[in-house]
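Student: Pasting a predicted model and its sequence here:
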Amino acid sequence: MKIARIERDPNCTSPREYDNLGTLCLFHVRYKLPNESGMEPDELREFLLDLDGVKLPVWAYDHG
């Protein structure tokens with residue numbers, strides 16, 4: 001029988017610190033989220049309508 005042990009890594013790094021393929025541009029009414037683009041929410045619509053580049057959505061499930 002194999003036993004798996006889960007431990008906390010005290011020296012872990014953020015995956016955003018290396019080899020990023022994109023830039024996060026996150027907005028929420030109640031939370032302060034990372035916005036690496038420096039873009040404001042009103043600029044987002046114009047940016048998304050621009051056909052240059054690849055844009056992928058980031059989804060979150062916020063309960064309670």
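Tutor: Cool, the structure landed.
Student: where in the chain is pLDDT low?
Tutor: Across the chain, the ranges flagged by pLDDT under 70 are 64.
Student: Give me the residue at the spatial middle of it.
Tutor: Relative to the mean C-alpha position of the chain, the nearest C-alpha, by C-alpha atoms, centre = their mean, is the one of Leu24, at 4.9 Å.
Student: Please tell me I have it right and that one contacts Met39.
Tutor: No. The pair Leu24 / Met39 is not scored as a contact, 10.5 Å apart, by C-beta atoms under 8 Å. All C-beta atoms are positioned from the backbone trio N, CA, C, and that covers glycine.
Student: Can you give the distance from stretch 14-26 to the centre of its chain?
Tutor: 7 Å (C-alpha atoms, centre = their mean, to the nearest Å).
Student: What lies in contact with that stretch?
Tutor: Residues outside stretch 14-26 that contact it (C-beta atoms under 8 Å, 6 or more residues apart in numbering): Leu33, Pro34, Asn35, Glu36, Ser37, Met39, Leu44, Phe47, Val54, Leu56, Val58.
Student: Let me see the ranges of the helices in this structure.
Tutor: Counting by DSSP state H, the chain has helices at residues 41-49.
Student: Next one: the residue nearest to the centre of the chain from Glu17, what distance?
Tutor: Remark: distance between Leu24 and Glu17 (C-beta to C-beta, to the nearest Å) = 13 Å.
Student: One more: Leu44?
Tutor: Relative to Glu17, and taking C-beta to C-beta, Leu44 is found at 25 Å.
Student: cool, and Glu43?
Tutor: Relative to Glu17, and taking C-beta to C-beta, Glu43 is found at 26 Å.
Student: and those two? which has more neighbours close in?
Tutor: Glu43 (12 against 7; other C-beta atoms under 10 Å).
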